[in-house]
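In: build me a structure from this.
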Amino acid sequence: MHTRRRRVLLAAASATTIAATVITAVAADAAAAGCQVSYTVSTQWSSGFTANVNVTNLGDPINGWRLTWSFSAGQTVTQAWNASATQSGSAVTVTDAGYNAAIATNATASFGFNGTWNGSTNPSPTAFALNGVSCTGGVSSPTATPTGTRSPSPTPSRTVSPSPTPSRTVSPSPTPTSGGGTSSPPPVPGTPGSWTAVPVNPYNGGAGTFMWLMTDGSILSNGSDLHQWVKLVPDQFGDYTKGTWVQLATSPYGVGAAQEQILPDGRFYQAGGEYVYQWPSGSSSNDHNGVQLYNPVTNTWTLGQSGLYGNLWDTGTAHLKDGRIVASDQRSARTQIFNPSTNSWTAGPNRPASAAEDGWVPLPDGSIVSISNGGAYRYDPAANAWYTVARPPSSYASGSTDTSTVTLMYDGRILAMGHNTSVIYTPGAKPSDPGSWAQGPAIPQGSFVDDVYATPEGNGKVIYDSVRCSWLTNECGSASGALINEFDPATNTMATISQPNDSRGAPVNFINLPNGQVLAAAGSRNWVYTPVGSPKAAWRPTVTSVTGSGTYHLTGTQLSGLVSLGEDDYQNPQNYPIVYLKDSAGHVYFARTANFSSMITSKPGETQTTDFTLPSSLAHGSYTLYVSACGVSSAGYAFTY
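Out: So this is what the prediction gives:
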């Protein structure tokens, strides 16, 4: 949202970097026990610090660990990642995060934390104990019974628990059909050009306002006060208009206008936030820099490492191909990269200018384009550098107006909208090339697109909303109210389409469903729109093979889709595949996908892979398997379970 509506962020204390490392050996109560601990203060500022801890097991393998130490100068742990930390007085206890509970001989478990200190002295701990056994300086014979049993907490904790790909023991393997697709792609349900109501979210009495497609086909949404979460689950035939809302765990933060992404392991990333309505202990409404992650398998929220520079807010983000997230900083030209594997940040290269509220989209070559009314830039991960590209025409923005959603279309061009017009960017062949801009059509009926949202439909068009008057300039068009529009890149035209009769407001916040329909949130409830027209055959993903059992490995092409989008306030790119099965009676069963070979837009015909697991209740038999990317489904593939 626009900076004039921002809350005041307290000035961040300047940070200095120090390295204070202590390495010591401790004995663990395993059969033969011993451990080496490396404690490093990597960053320190006037009131806080960041420390990284590596625990290397020198004895027999252990499964479940607890590391303890005491601070000597009043330091306090405020936030941990890759572990769970508690503190009583000066005594600190850190336990494993579940996924890193097992430490083989000579293997290492790592975690990190943020803490506070007195600003005068911050000595590193000198004595550690692992599973209750004090440091001995070497490997000892067993003297105690192992104490590696863990008692997981049923409530969200201040830890980060990456979701390993869920697996199940299944004996039968699929029988892949040679040659790939065996049937036509499924038709998009519904009447083209029509809207169908979704059941009201019973947990807030209205719509699920912001929506994200999870890798099992359900729709995640933050309903009441933005920290009480729900999901929409389609019915047995894959129909979202007859779906069911399910209440989920509440999150530590409740934020509006934030960074959001789906991670390669299927978790949900949310960070920053322009508006902070709920916050965990030790934080405040001025914390626009937190990171929280949702694990849909365990229905739990955990905290990740906060941003490096204090100002994540609602700045742009985009995936790199390997699933890491490049993020910006609201107050400076610095960037930072979040690694989902370690749930921690590393510094990225500086941009030519600060990011503010840009829209970011990933391109098939792995680069990222960032667009705002202040300029356009492109990040090249191979060179680890940002380049200034051709400046957008001033016609699409009115000075301080936010850019609306930036949309990468099927023809490789990028649609940017602002104020009451549009412009179109054609990226250069290389990240350092300037590219070129063309003027696009005006927004219908002189309406405005200040902070509105869009999504690229499966028919190749871009659906978005517009409003009669600009809340920034108070100018008004001729429209009688809010409009729902489509941009058609084939004809370079904008057109107003129908909208549902919702008594409390027009639809906003669009997202593609795996079946090719579009889900939107209106004033009183959610609605599903059926686009007019079908995807081109060249846009569809394909399935070439499925192997394995329990966890299956699917190989195909264009599994991450050919389009993407980005906006500062509501980020919902869908560059990951959804796998679902149909039986002969038309029942639909969504698998859960993870471990994507790419999380950026695909090159045409690019070979990509994903893993998936099947629902535990799925009956053995013959099915037709489909994979969907950005709302476009593949042809059917014969699959026997």
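In: only C-alpha atoms from now on, for both contacts and neighbour counts.
Out: Will do.
In: according to the record, where do the domains of this protein fall?
Out: Following automatic domain parsing, the chain resolves into domains at 15-134, 195-538.
In: which one of the ones you listed has the lowest average pLDDT?
Out: Here the lowest mean pLDDT among the domains of the chain goes to domain 15-134, at a mean of 79.
In: what about that domain, distance to the chain center?
Out: Taking Cα atoms, centre = their mean, to the nearest Å, one finds domain 15-134 lying 29 Å from the centre of the chain it belongs to.
In: stretch 617-633: end-to-end distance?
Out: End-to-end distance of stretch 617-633: 24 Å, with Cα to Cα, to the nearest Å as the criterion.
In: and stretch 94-111, by the same measure?
Out: 9 Å.
In: which positions within that stretch qualify as buried?
Out: Neighbour-count burial for stretch 94-111 flags 94-98, 100-105, 108-111 (criterion: 16 or more other Cα atoms under 10 Å).
In: go on, stretch 57-72?
Out: 57-71.
In: among these, name the ones in strands.
Out: Those of those mapping onto strands are 57, 62-63, 66-70, per DSSP state E.
In: coming back round to it: just the ones of the buried residues of stretch 94-111 in strands?
Out: Per DSSP E, the subset of those in strands is 94-95, 102-103, 108-111.
In: with those residues in mind, which one is nearest to Pro185?
Out: Among those, Ala102 lies closest to Pro185 (Cα to Cα), at 44.2 Å.
In: not counting sequence-adjacent ones, nearest residue to that closest one?
Out: Distances taken as Cα to Cα, 6 or more residues apart in numbering place Asn63 nearest to Ala102, at 4.1 Å, with adjacent residues excluded.
In: equivalent analysis for Leu293, please.
Out: Excluding its sequence neighbours, the residue lying closest to Leu293 (Cα to Cα, 6+ apart) is Tyr269, at 4.8 Å.
In: confirm the one you found sits in a strand?
Out: Yes. Assigned with DSSP: H, G, I helix; E, B strand; the rest coil, Tyr269 falls within a strand.
In: ok so, going back, just put the ones in strands among the buried residues of stretch 94-111 in a markdown table and tack on distance to Ile511.
Out: Shown next, in a markdown table, are these (distance: Cα to Cα, whole Å):
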| residue | distance to Ile511 |
| --- | --- |
| Val94 | 40 |
| Thr95 | 39 |
| Ala102 | 39 |
| Ile103 | 42 |
| Thr108 | 41 |
| Ala109 | 39 |
| Ser110 | 37 |
| Phe111 | 36 |
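In: just to check, Leu213 is in contact with Asn575?
Out: No. With contact defined as Cα atoms under 8 Å, Leu213 does not count as touching Asn575 (10.4 Å).
In: bridged to the closest residue to Ser584 other than its chain neighbours, which residues?
Out: Leaving aside its sequence neighbours, Ser584 sits nearest to Tyr623 (Cα to Cα, 6+ apart; 7.3 Å). Note on Tyr623: beta-bridge partners Phe639, judged by DSSP bridges.
In: now Thr86
Out: Thr93.
In: and what of Phe338?
Out: Beta-bridge partners of Phe338, counted by DSSP bridges, are Ile325, Trp345.
In: what of Ser466?
Out: Here Ser466 sits in beta bridges with Leu483, as judged by DSSP bridges.
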